[in-house]
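Enquirer: give the three-dimensional model of this entry:
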Amino acid sequence: MIHAGLNAYVLLSALLFAIGFFGVLLRKNTLVIFMCLELMLVASTLALVAFSRFNGTLDGNVFVFFILTIAAAEVAVGLAIIVALFRSRRTVQVDELNALKH
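Expert: Residues are numbered from 1 along each chain as shown. Prediction:
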């Protein structure tokens with residue numbers, strides 16, 4: 001069995017965060033942007049768990065528990081906002097959602 005060290009976890013976390021970051025910057029669909037934000041959140045929790053395991057404490061795991069609890073609420077509120085925008089504007093494209101013009 002291959003043992004992955006701290007560097008591998010941090011590299012994977014940075015890669016996931018970068019994919020999410022560039023997805024937020026480059027995508028036009030609000031659902032895809034929302035998923036990229038969630039990917040960034042998962043990347044940060046992966047780093048927390050990796051550092052917690054490396055230090056031999058449970059502090060990072062406790063933080064991850066609270067982060068995932070808040071993320072569940074965020075998903076519910078975020079999807080409700082996206083559904084409300086779609087119902088009122090009939091689109092989820094960021095370029096076409098301009099609240100000040102309507």
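Enquirer: now name the helix or strand holding the residue nearest the centre of the chain.
Expert: When C-alpha atoms, centre = their mean is applied to the chain, the residue found nearest the centroid is residue 38 (1.8 Å). Residue 38 belongs to helix 30-55 when assigned by DSSP states H and E.
Enquirer: who does that helix touch, helix- and strand-wise?
Expert: helix 6-26, helix 59-89 (3 or more C-beta pairs under 8 Å, 6 or more residues apart in numbering; DSSP states H and E). C-beta coordinates here come from the backbone N, C-alpha and C atoms, glycine included.
Enquirer: weakest of those by average pLDDT?
Expert: The minimum mean pLDDT among the helices and strands packed on helix 30-55 belongs to helix 59-89 (a mean of 90).
Enquirer: helix 30-55 and that one, what's the angle between them?
Expert: Counting by axes from the mean of the first three to the mean of the last three C-alpha atoms, to 10 degrees, helix 59-89 lies at 180 degrees to helix 30-55.
Enquirer: buried set for the helix holding residue 38?
Expert: By 16 or more other C-beta atoms under 10 Å, the buried positions in helix 30-55 come out as 30, 33-34, 36-37, 39-52.
Enquirer: and for stretch 78-98?
Expert: 78, 82, 92, 97.
Enquirer: any chance of those residues in a markdown table, plus distance to residue 71?
Expert: Formatted as a markdown table, the buried residues of stretch 78-98 follow (distance: C-beta to C-beta, whole Å):
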| residue | distance to residue 71 |
| --- | --- |
| 78 | 10 |
| 82 | 16 |
| 92 | 21 |
| 97 | 23 |
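Enquirer: any idea how far stretch 30-47 is from the chain center?
Expert: Per C-alpha atoms, centre = their mean, to the nearest Å, the displacement of stretch 30-47 from the mean C-alpha position of its chain is 2 Å.
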